[in-house]
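Asks: predicted model follows, preceded by the sequence.
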Amino acid sequence: MWKMWFCIVILLLIAGVFAEVERELHTFCITRYKVLSPKWNGEKSGKIIFLSDLHNHEYGLHNKKLIDKIKMENPELILIGGDILVGKEDISYESATKFVEAICRLHRCIMQMEIMNNV
């Protein structure tokens, strides 16, 4: 009897891991912060989007879900922090470059460039 319960628990754990992987690959996280500074004297407000760690992943066809969400937020600036693409010889980065081109046509972008040397 205990073997059956052990197997059920193991199967539930495996199903939970697969569910988390599926969620992680199909959702993106939005975190909002309010930044206050005495230098702004309460006169400055705006919206900045910080993107990072997409690793060539697409949210919808050609990143449509992510681009639509960025359009909805209507930021003044988009900061691209890194790891938007996977820099390996056998992996295409075309989807990542098309995504960056698309959002930079919509809004002002500042991007951290990662340059890899084959040494």
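Replies: Received the coordinates, thanks. Just so you know, these numbers come straight off a predicted model, no measurement behind them.

Asks: can you pull the buried residues of stretch 91-102?
Replies: 95-96, 99-100 (16 or more other C-beta atoms under 10 Å). The way it works is simple: take the backbone N, C-alpha and C, and place the C-beta from them, glycine included.

Asks: just send the residues you listed back as TSV, with pLDDT and distance to residue 2 too.
Replies: Listed next are the buried residues of stretch 91-102 as TSV, based on pLDDT from 0 to 100; distance: C-beta to C-beta, whole Å:
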residue	pLDDT	distance to residue 2
95	82	49
96	83	49
99	87	51
100	85	54
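
Asks: nearest to residue 48 among the residues you listed?
Replies: The nearest member of the buried residues of stretch 91-102 to residue 48, counting by C-beta to C-beta, is residue 100 at 16.5 Å.

Asks: quick one: classify residue 49 as helix, strand or coil.
Replies: Put simply, residue 49 is strand when judged by DSSP: H, G, I helix; E, B strand; the rest coil.

Asks: can you pull the contacts of it?
Replies: The contact partners of residue 49, taken as C-beta atoms under 8 Å, 6 or more residues apart in numbering, are 70, 73, 75, 77-79, 107.

Asks: export these to a markdown table and tack on secondary structure?
Replies: Converted to a markdown table, the contacts of residue 49 look like this (three-state DSSP):
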| residue | secondary structure |
| --- | --- |
| 70 | helix |
| 73 | helix |
| 75 | coil |
| 77 | strand |
| 78 | strand |
| 79 | strand |
| 107 | coil |
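
Asks: that concludes my questions; thank you for your assistance.
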